[in-house]
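K.L.:
after the sequence you'll find the predicted model.
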Protein chains: 2
Amino acid sequence: MSSGESRLLVTGSIGIDTVKTPHGSSENCIGGSAVYFAMAASFFAPVRLIGVVGSDCPFDLPQTFRGRDVDLDGLEIRGTSRTFRWAGTYGQTMDDRVTDYVELNVLAEHPPVVPPKFADSKFVFLANTAPRLQIQLLSQIKAPLFVAADTMDCWITDHLPDLTELLKKIHCLIINEEEAKLLARQFNLIRAAERILALGPAIIIIKKGESGSLTCLKDGSTFVLPAYPAADVKDPTGAGDSFAGGFMGYLAQARQTDFETLKTAVAYGTTVASFTIADFSLAALTATTRADIDNRLEMLRTFTSF
Amino acid sequence: MSSGESRLLVTGSIGIDTVKTPHGSSENCIGGSAVYFAMAASFFAPVRLIGVVGSDCPFDLPQTFRGRDVDLDGLEIRGTSRTFRWAGTYGQTMDDRVTDYVELNVLAEHPPVVPPKFADSKFVFLANTAPRLQIQLLSQIKAPLFVAADTMDCWITDHLPDLTELLKKIHCLIINEEEAKLLARQFNLIRAAERILALGPAIIIIKKGESGSLTCLKDGSTFVLPAYPAADVKDPTGAGDSFAGGFMGYLAQARQTDFETLKTAVAYGTTVASFTIADFSLAALTATTRADIDNRLEMLRTFTSF
């Protein structure tokens, strides 16, 4: 791509997932934050993926992303290591999830290196991992325009100094409701958002699962969007990373991050996630077209307008 | 009022509430579904209130509603009875509530009679009580145009035949998320809405507390609206009945129930409820003006538009 401004990089996990939900199960399927993110973002802009797998990885990633502009030159296959594995079971309501096992494997080793050709990336998403690693990865990007990151409860409780350092280096934090309350030590979500913004990022997006999201900016701008009203939810895995992928992908495509663009990006993230959850692993997302996404975005606008 | 079409009736409880939240407490304050509903609806249209209290009732209801067009001729003071009492404590997150005690008292006796002069009411809200009583109350209204009702878990589990009969007689059911799932035996909210619509009402509004509401019509029309993003929540008591009051009040004012009007009514209900929860009992709601509500409605529109 000739124009540099839409260069979008994601660092995150590539996983072998086993998922059980009330609607079925899927064993040893492809998953991981970087995979869901890249697939979602690829509807909008070229994606550069940084990740690492072991020699046991059963997936043909070039095949997975065939026909999409996803650059896998940052994918490392570490011969002596094993791939990250995760297994989870969802309860009847689909909003409670039990982790059956986690094998960090290669994710517990040193992180992959950012290839020099990716150092000029402008839009960067640091998927959930140790904030120290997120800082290391980010330091290899020369002059990013817009950096977003995810995190989770264990880093908030056990690595707060690292996370606090990270928050001063990013533009946007994308986390879920419980994590936001934990990080802010605030039960009211608006107050939680205000407190997190005071820690560094100009933008916070709080994901509320089937209840949508809350986006707050340092200048007081606020955007509340429900989730797309989905009647058929088979597997919520990857919804959050698909949301981030749609959000960042649209920003990279638009090459702008003003409030109006951010709102549309949140709506695209919401819409893409609604496709992800309709089936296991990447099945629904890979069967989707940009036209499907655009049509559903307009439906979402109709469903939420008064 | 000369025009008949906006005649709005509510039947429900008048209670002596004691509430504790992380932000304070309020002892023996005025509460009850009919009280919150009438106060909320009175911003939009004249209200006729049907309710019953005991001789111990410490509240001067004409004074409570002074300056508002609330007709209290359907208020019965039953000399030998005691007033309904409720006490509840909210936890840190404000979305979990423990009932400390309930004294049904006069609510466990025969219901009040609808005065003949109210029999021509056109908009009717049957607040939560035994569905058999809701049916009896409704049968005293000659030709209602639009009837909405609330219910709760105990009637769904223990009085389902009565509730099923009621559902065939009303236009709109307004219930919370957990109740909808219980009634529909469905965990997906869209599927739950579809199943409840199949039981009778043309409209279902599912309240999701701080996550807003989902409105579904039999013809497939759908409206999803977040709650107003409120930073200061002192006491959520009465939010649901205030929502219903704002919703029905606006419909009565508009004298229409087409989908566009319903959506605006839901937005008004949402907005009025956001005032209720800012303080204990009726304190915040009575300090509010219609102009405040209209301004906040426009804020809500801004916060949710993309």
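P.N.:
Nice, thanks for sending it over. Numbering: from 1, shown residues only, chains lettered A, B, ... in the order given.

K.L.:
enumerate the residues of the stretch 101-250 of chain A near chain B.
P.N.:
Counting by CB under 8 Å from any CB of the partner chain, the stretch 101-250 of chain A comes close to chain B at A:181, A:187-191, A:194, A:208, A:210-212, A:214, A:222-227, A:229-233. (C-beta placed from N, C-alpha, C; glycine too.)

K.L.:
tell me the secondary structure for residue A:124?
P.N.:
Using DSSP: H, G, I helix; E, B strand; the rest coil, the three-state assignment for residue A:124 comes out as strand.

K.L.:
likewise for residue A:196?
P.N.:
Three states are possible here, and by three-state DSSP the one that applies to residue A:196 is helix.

K.L.:
OK, contacts around it?
P.N.:
For residue A:196, the residues meeting the contact criterion (CB atoms under 8 Å, 6 or more residues apart in numbering or on different chains) are A:167, A:173, A:180, A:183-184, A:204.

K.L.:
the residues of the stretch 101-250 of chain A next to chain B in strands, which ones?
P.N.:
Filtering those for membership in strands, criterion DSSP state E, returns A:214, A:222-225.

K.L.:
quick check, nearest of those to chain B?
P.N.:
Comparing those against chain B with CB to the nearest CB places residue A:224 closest, at 4.0 Å.

K.L.:
can you pull the contacts of that closest one?
P.N.:
With contact taken as CB under 8 Å, 6+ apart, residue A:224 is in contact with A:212-215, B:212, B:226-227, B:229, B:303-304.

K.L.:
going by distance to residue A:80, which of these wins?
P.N.:
Of all these, residue A:80 sits closest to residue A:213, with 40.5 Å by CB to CB.

K.L.:
list of residues touching the lowest-mean-pLDDT helix or strand in chain A?
P.N.:
For chain A, using mean pLDDT, DSSP states H and E, the weakest element among its helices and strands is strand A:97-103, scoring a mean of 93. Contact with strand A:97-103 is made by A:18, A:20, A:82, A:84-91, A:236, as judged by CB under 8 Å, 6+ apart.

K.L.:
filter those down to the buried ones.
P.N.:
Neighbour-count burial (16 or more other CB atoms under 10 Å in any protein chain shown) is assigned, among the contacts of strand A:97-103, to A:18, A:20, A:82, A:84-88, A:90, A:236.

K.L.:
in CSV, list those along with secondary structure and pLDDT.
P.N.:
Formatted as CSV, the buried ones among the contacts of strand A:97-103 follow (DSSP: H, G, I helix; E, B strand; the rest coil; pLDDT from 0 to 100):
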residue, secondary structure, pLDDT
A:18, strand, 97
A:20, strand, 96
A:82, coil, 97
A:84, strand, 96
A:85, strand, 96
A:86, strand, 96
A:87, strand, 96
A:88, strand, 96
A:90, strand, 96
A:236, coil, 95
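
K.L.:
in the stretch 51-200 of chain A, which residue sits nearest chain B?
P.N.:
Among the residues of the stretch 51-200 of chain A, residue A:190 lies closest to chain B, at 4.0 Å counting by CB to the nearest CB.

K.L.:
who's in contact with that residue?
P.N.:
Taking CB under 8 Å, 6+ apart as the criterion, residue A:190 is in contact with A:214, A:216, A:222, B:229-231.

K.L.:
show me which pair in those is furthest apart.
P.N.:
Longest distance between any two of those is 13.2 Å, between A:216 and B:230; criterion CB to CB.

K.L.:
compare those two (neighbour count), which wins?
P.N.:
The residue with more neighbours, out of residue A:216 and residue B:230, is residue A:216; 24 against 16, by other CB atoms under 10 Å in any protein chain shown.

K.L.:
list the contacts of the nearest residue to that one once chain neighbours are set aside.
P.N.:
Counting by CB to CB, 6 or more residues apart in numbering or on different chains, residue A:193 is the residue found nearest to residue A:216 once chain neighbours are left out, at 3.9 Å. Residues counted as contacts of residue A:193 (CB under 8 Å, 6+ apart) are A:180, A:184, A:204, A:206, A:214, A:216.

K.L.:
try 7 Å this time
P.N.:
Contacts for residue A:193 were tallied using CB atoms under 7 Å, 6 or more residues apart in numbering or on different chains; they are A:180, A:204, A:206, A:214, A:216.

K.L.:
out of the residues you listed, who's nearest residue A:271?
P.N.:
Among the contacts of residue A:193, and counting by CB to CB, the member closest to residue A:271 is residue A:214, at 17.0 Å.

K.L.:
next, count neighbours for the residue nearest to that closest one when sequence neighbours are not counted.
P.N.:
Taking CB to CB, 6+ apart as the measure, residue A:214 lies nearest to residue A:206, with 4.5 Å between them; neighbours along the chain are not counted. For residue A:206, the number of neighbouring residues by other CB under 10 Å comes to 25.

K.L.:
touching the helix or strand encompassing residue A:206 from outside, list them.
P.N.:
Here residue A:206 is covered by strand A:203-207, with elements defined by DSSP states H and E. The contact list for strand A:203-207 (CB under 7 Å, 6+ apart) reads A:171-177, A:180, A:189, A:193, A:196-197, A:213-217, A:240, A:243, A:262, A:266.

K.L.:
check stretch A:14-27 too.
P.N.:
Outside of stretch A:14-27, the residues within contact range by CB under 7 Å, 6+ apart are A:28-29, A:31-32, A:34-35, A:51, A:53, A:83-90, A:92, A:94, A:234-235, A:237, A:280-281.

K.L.:
ok, which stretches of the stretch 1-150 of chain A are helices?
P.N.:
When secondary structure is read from DSSP state H, counting those that start in this stretch, the stretch 1-150 of chain A shows helices at A:33-41, A:61-64, A:131-138.

K.L.:
secondary structure class for residue A:299?
P.N.:
Of the three states, residue A:299 takes helix according to three-state DSSP.

K.L.:
ok, residue A:170 next?
P.N.:
State at residue A:170, reduced to three classes by three-state DSSP: coil.

K.L.:
again with residue A:278
P.N.:
Remark: residue A:278 carries the secondary structure label coil [criterion: three-state DSSP].

K.L.:
what about it, neighbour count?
P.N.:
Applying the criterion other CB under 10 Å, we find 17 residues in the vicinity of residue A:278.

K.L.:
what sits against it?
P.N.:
For residue A:278, the contact set (CB under 7 Å, 6+ apart) comprises A:232-234, A:284.

K.L.:
from the residues you listed, which two are the most distant?
P.N.:
That would be A:233 and A:284, which, of those, are the farthest apart (CB to CB) at 10.3 Å.

K.L.:
between those two, which one's more packed in?
P.N.:
For residue A:233 versus residue A:284, the count of surrounding residues by other CB under 10 Å is larger for residue A:233: 24 against 19.
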